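>>> just to be clear, the model below is a prediction. Sequence and coordinates:
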Amino acid sequence: MTHPLPIQFQETDLDAFAQFTGRLALVAAADEVEARSPSARRINKLTKGALNRFLASDAWEKVKEGESVDLSWPAGLAAEALQVVKADRRADVATARKAGAAIGKSVGKPGVLVLAGSMQRAADLSLGLALRAYDFEAHKTTAPTLRGPVTMMVKDPEAVALAAKPMAAVAEGVFFTRDLVNEPANVLTTDDFAARLAAMQELGLEVEILEEADLEALGMGALLGVGMGSESPSKVVVMQWNGGGGEAPFALVGKGVVFDTGGISLKPAGGMEDMTMDMGGAGVVSGVMRTLALRRAKANVVGLVGLVENMPDGRAQRPGDVVKSMKGDTIEVINTDAEGRLVLADVLWYAQERFKPCGMINLATLTGAIIVALGHENTGVFSNDDGLCDAFLKACKSEGEGAWRLPMGDAYDAKLKSRVADMMNSCGRDGGSITAAQFLKRFVKDETPWCHLDIAGTALLKTESTFAPKGATGWGVMALDRLIRDKFEG
């Protein structure tokens, strides 16, 4: 898998600047018009005043906080570039991480020396740097891009390193999710996905793989129906992290459709290649579980993912078929492309029956309708519990991951009524994200606090974002880790 760049922290060495041949990244305050810090003054002296002239220029004034400007091949320095990053010493978390991302985007082979001085949130700067330095090159035949090393010079390196340690675990979880979502479906089969999760037993997770025979014995007819047309066997993988006391675990449930053709309700060819990301919910759950294990979280969390492939075949389920869920409810399959909710229905019910969780959140790239409603800036949030929903939205805000709560209600639920079964799996385009959430709610017990996260618009982007290149974003790993930290670890 892709691992975040290792970052070393050390005290400022004013003699190191002149000989360094990589990139120098200097963090300077927004109102700085003259070099103030010891590092800045040293660089200004070596460049014969060039730094001060830049800081006093209109070009610096136009740079937004968290952004940067390169001064290429500055005279007096061996560095290939001097990157001046605008961020105050007391910059907030968002600005510090954005500033780090500006540096991470430019990390190359010679490495980078970051001069952060007495910046209070230097650890957050390191997280932003690590997240943006990600690249997915597993299937390119050219030599991989060499990046690093990265050294941050700070006032108190031991304190910064201590603060950065759990953040490094978060970055590792985000990278694991991104790798899974970026993988092509001929590589990330259901077998391969399950094997990657089983390997996390080395980190202390308890991992159990339920095969098709197990799922049949449990009565998971809704989930099994989705994978009937595929050569890849359907599975449910259960990951347990028991870092708390004897309390009931918190449950995370993910949709893991490793490829979605739409089944017999075949999708249009244009854009179908992006359906390798239809396992994004399972990818996020997996990344969160990896993070919890790496940072030895003091909480009990169980992650469950339903792994299937939705293919058209002589054995594939048809529109009009009726399947029976583990709960016992029957479902008329109106559209085989509304398959994710069938997978989640059984896994949600299994999670509650087996683990009696204190709360539950599911994630899925569930509907195109959520992209119509919210674009690619926010995940759609649906919930039966204000307390859990508010706590999650607070965690999203803290971590800078966009999320927006949408309504639910009886009128939407009534649209699911079927002529031949207990419910339909699809009931038209209007309110499509909401009716999908209403479908899932039927498989959530009244006593279980629950949120449904529709990440169809946020799991993978066609353009680069602040913290990721084009492709998988890893959205949700940071927010869910923050929720668990705040709600269960205090």
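Received, thanks.

>>> now residue 229, what's its secondary structure?
coil (DSSP: H, G, I helix; E, B strand; the rest coil).

>>> if you skip the residues just before and after it, what's nearest to residue 321?
residue 333 (4.6 Å; CB to CB, 6 or more residues apart in numbering). From N, CA and C alone the C-beta is placed, and that goes for glycine too.

>>> that neighbour touches residue 310, doesn't it?
No. Here residue 333 lies out of contact with residue 310, judged by CB atoms under 8 Å, at a distance of 11.6 Å.

>>> who has more neighbours out of these two?
Each of residue 333 and residue 310 has its neighbours counted (other CB atoms under 10 Å); residue 310 has more, 30 against 26.

>>> can you tell me how far that one is from residue 255?
In this view, residue 310 and residue 255 are 11 Å apart by CB to CB, to the nearest Å.

>>> find the residues that touch each one of those two.
residue 278 (CB atoms under 8 Å, 6 or more residues apart in numbering).

>>> return the residues in contact with the residue lying closest to residue 324 once chain neighbours are set aside.
Distances taken as CB to CB, 6+ apart place residue 221 nearest to residue 324, at 4.3 Å, with adjacent residues excluded. Under the criterion of CB under 8 Å, 6+ apart, the neighbours of residue 221 are 323, 324, 325, 326, 346.

>>> got it, and residue 120?
Per CB under 8 Å, 6+ apart, neighbours of residue 120: 89, 90, 91.

>>> how about the last one, secondary structure?
In other words, residue 91. coil.

>>> measure how buried the closest residue in space to it that isn't next to it in sequence is and give me the count.
The shortest distance from residue 91 to any non-neighbouring residue, by CB to CB, 6+ apart, is to residue 121 (6.1 Å). Around residue 121 there are 25 other residues, counting by other CB under 10 Å.

>>> pull up the gap between the closest residue in space to residue 236 that isn't next to it in sequence and residue 363, please.
Distances taken as CB to CB, 6+ apart put residue 210 closest to residue 236, at 4.3 Å, once the chain neighbours are dropped. Note on residue 210: its distance to residue 363, by CB to CB, is 19 Å.

>>> which residue ranges of the stretch 151-300 of the chain form strands?
Taking DSSP state E, counting those that start in this stretch as the criterion, the stretch 151-300 of the chain carries its strands at 206-210, 235-242, 250-260, 300-310.

>>> domain assignment for the protein?
7-164, 188-488 (automatic domain parsing).

>>> more crowded one of residue 210 and residue 363?
residue 363 (28 against 21).

>>> quick check: closest non-adjacent residue to the more buried one.
Closest to residue 363 by CB to CB, 6+ apart is residue 281, at 3.6 Å.

>>> that neighbour: how many residues sit nearby?
32.

>>> pretty sure it contacts residue 255?
Yes. Between residue 281 and residue 255 there is a contact under CB under 8 Å: 4.0 Å.

>>> which residues do those two both contact?
Contacts common to residue 281 and residue 255, judged by CB under 8 Å, 6+ apart, are 305, 340, 362, 363, 364, 365, 366.

>>> who's the closest residue to the fifth one other than its chain neighbours bridged to?
Distances taken as CB to CB, 6+ apart place residue 255 nearest to residue 364, at 3.6 Å, with adjacent residues excluded. In this structure, residue 255 bridges to residue 306 when assessed by DSSP bridges.

>>> give me every residue that touches residue 255.
Counted by CB under 8 Å, 6+ apart, residue 255 has contacts 278-282, 305-306, 340, 343-344, 362-366.

>>> nearest to residue 444, of the residues you listed?
residue 362 (8.9 Å; CB to CB).

>>> in its sheet, what does the host helix or strand of that closest one sit against?
Residue 362 is part of strand 359-364 when elements are defined by DSSP states H and E. In the sheet, strand 359-364 lines up against strand 250-260 (parallel), strand 450-454 (parallel) (DSSP bridges).

>>> what does the shortest one rub up against?
Right, strand 450-454. By CB under 8 Å, 6+ apart, strand 450-454 touches 281, 359-367, 370, 379-385, 388-389, 392, 403, 433, 436-437, 440-441, 444, 476.
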